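Asks: Sequence and predicted structure, then a few things I'm wondering about:
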Amino acid sequence: MSSLPLSYPLMPRLLLSATLLTSCLLAACTPPSAPAPAVRPVRQDSDIIAAIRMAGDKEKSVISVNPLRDPGVAALQDVAVNDERSGRYDEAIAKLDQALKISPDSPDLLQDRAELAIRTQDYAGAEKLAHRSWELGPRLGPLCARNWQTIVEMRLHANDDAGATSARKWVQQCHVEGIPRY
């Protein structure tokens, strides 16, 4: 009844061993794959905005330009701040857009609007608004630092390390040392 050779139970094991050996040899012969690109951690929009505002807060330049505010614009800007704090970003944007209709070349309004653009994930718009704010603004002091930190953050978000490095240099140029007094 048993016409199978005695070594039959060894056949499946030999076949498995040969398959494994072939797989190992093939794996050793394949060229190494390119290293995976470094994955940049995704930053939350609130962290990006905090970094931008911190750049302005820590800028203790001898020059700080604070233009007179139109009372109507100031009221809209104040309501926009409250809307943003409450998480009503679309309403805050609407208020700043109204204020920009009254005062379209206001650097501080443009920068505030850039920061709200980040809240709604309009990163390209945020960078354009920050750059426009810088063009119209004093190019020194806290507002300048916020402008360029916005550009830094948007370049980082776009994975443009060279652009971010360049923008960081501009953040530093916003500072003006005072004359030492003894």
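Replies: On my side now, so go ahead.
Asks: And for Asp161, the neighbour number?
Replies: The local packing of Asp161 (other Cβ atoms under 10 Å) involves 11 other residues. Backbone N, C-alpha and C define where each C-beta goes, glycine included.
Asks: which element follows the helix or strand of the chain with the lowest mean pLDDT toward the C-terminus?
Replies: Ranked by mean pLDDT, DSSP states H and E, the weakest helix or strand in the chain is helix 10-29, scoring a mean of 62. Going down the chain from helix 10-29, the next helix or strand is helix 45-58, by DSSP states H and E.
Asks: Over that following helix, what's the mean pLDDT, rounded is fine.
Replies: In this model, helix 45-58 has a mean pLDDT of 95.
Asks: For it, list every residue counted as buried.
Replies: Neighbour-count burial for helix 45-58, counted by 16 or more other Cβ atoms under 10 Å, picks out 45, 48-49, 51-53, 55-56.
Asks: what's it packed up against?
Replies: Judged by 3 or more Cβ pairs under 8 Å, 6 or more residues apart in numbering; DSSP states H and E, helix 45-58 is in contact with helix 107-119, helix 141-157.
Asks: Mean neighbour count and distance to Lys101 for those helices - can I get that in a markdown table?
Replies: Listed next are the helices and strands packed on helix 45-58 as a markdown table, based on neighbours: other Cβ atoms under 10 Å; distance: least, Cβ to Cβ, whole Å:
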| stretch | mean neighbour count | distance to Lys101 |
| --- | --- | --- |
| helix 107-119 | 24 | 10 |
| helix 141-157 | 25 | 21 |
